[in-house]
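Colleague: need a structure here:
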Amino acid sequence: MHVMDALYHRHAVRSYEPRKVDENTVRMLIDAAVQAPSAMNLQPWAFAVVLERKILDSISERAKTHLVRTIAPSSPLAQHLDNLRDPAFNIFYDAPAMIVICATSSAAGATEDCALAAQNLMLAAHAHGLGTCWVGFARPWLNEPDGKAALKIPGSYIPVAPIIVGYPIGPVEEHPRRKPEIVFVHEK
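Modeller: Residues are numbered from 1 along each chain as shown. Prediction:
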């Protein structure tokens with residue numbers, strides 16, 4: 001797949017087949033992720049992988065409970081409280097796998113480097129017929145001591161990008177992009 005095709009046709013997937021994603025595929029995606037650039041070549045990332053739906057379902061419930069308890073009324077997330085309170089709503093959309101990209105330090109640029117790795121991972125998944133979605137709902141709980149412990153993430157690490165992975169069901173919904181605001185600066 002040409003890189004431009006992946007850039008223009010990769011979209012968030014929120015409907016997955018129950019088919020499992022195997023460990024070799026996950027390793028291939030992580031190998032693609034770590035090809036990302038990083039500030040001063042520090043490569044400040046680590047990966048926590050969940051390949052079991054039962055564990056993902058449990059994390060979904062705990063993350064939802066945490067969000068309902070902690071979302072400020074002024075937060076943009078507050079508009080999702082009804083969904084978060086719905087026992088049938090799974091924040092991972094029943095995906096069979098999740099890869100959490102964690103910053104291994106709080107050094108300047110570490111979270112940005114993890115975001116670059118996340119983009120590589122999502123583009124590689126798309127190129128291999130997999131769907132992905134970065135699930136922001138999971139981050140607050142994953143950054144709590146209980147969340148880190150559940151995924152065996154060291155206490156000093158910072159979960160940055162919880163990305164679900166799986167085989168999409170049906171066509172992926174596309175969302176149009178707004179025209180970018182561009183300011184060109186020229187010498188006078």
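
Colleague: Return, as residue ranges, the portions of the protein with sub-threshold pLDDT.
Modeller: Of all residues in the chain, none has pLDDT under 70.

Colleague: For it, just list every one of the helices.
Modeller: 3-9, 23-33, 53-70, 81-85, 110-127, 139-142, 145-150 (DSSP state H).

Colleague: Direction included, what does the longest strand along the chain pair up with?
Modeller: When the chain is scanned for its longest strand (criterion: DSSP state E), the result is strand 158-166. Partners of strand 158-166 in the sheet, by DSSP bridges, are strand 97-103 (antiparallel), strand 131-134 (antiparallel).

Colleague: Need the winner for burial among those.
Modeller: strand 97-103 (a mean of 26; mean count of other C-beta atoms under 10 Å). Heads up, the C-betas are built off the backbone N, CA and C, glycines and all.

Colleague: who touches it?
Modeller: Strand 97-103 is contacted from outside by 20-21, 26, 29-30, 33, 44-51, 56, 59, 92, 110-111, 113-114, 117-118, 121, 135, 138, 142, 151, 153, 157-166, using C-beta atoms under 8 Å, 6 or more residues apart in numbering.

Colleague: Out of the residues you listed, which end up buried?
Modeller: Using 16 or more other C-beta atoms under 10 Å as the burial test, the contacts of strand 97-103 include 21, 26, 29-30, 33, 44-51, 56, 59, 92, 110-111, 113-114, 117-118, 121, 135, 138, 142, 151, 153, 157-166 as buried.

Colleague: sorry, back to before: how about the strands paired with strand 158-166, which one is nearest Ala88?
Modeller: strand 131-134 (18.1 Å; C-beta to C-beta).

Colleague: what's the closest one in contact with?
Modeller: Contacts of strand 131-134 (C-beta under 8 Å, 6+ apart): 10, 12-14, 16, 93, 95, 118, 121-122, 125-126, 161-168, 172.

Colleague: Need the nearest residue in space to Glu174, chain neighbours excluded.
Modeller: His11 (5.6 Å; C-beta to C-beta, 6 or more residues apart in numbering).

Colleague: scratch that, Ile30 is what I was asking about
Modeller: Closest residue to Ile30 apart from its sequence neighbours, by C-beta to C-beta, 6+ apart: Phe47 at 5.4 Å.

Colleague: For the one you found, which residues count as its bridge partners?
Modeller: Ile101.

Colleague: gap between it and Ala125?
Modeller: Going from Phe47 to Ala125 by C-beta to C-beta, to the nearest Å gives 14 Å.

Colleague: ok, Ala108 - how many residues close by?
Modeller: 11 (other C-beta atoms under 10 Å).

Colleague: Please name the residues that touch it.
Modeller: Ala39.

Colleague: Give me the phi and psi angles of it.
Modeller: phi -50, psi 130 (degrees, to the nearest 10).
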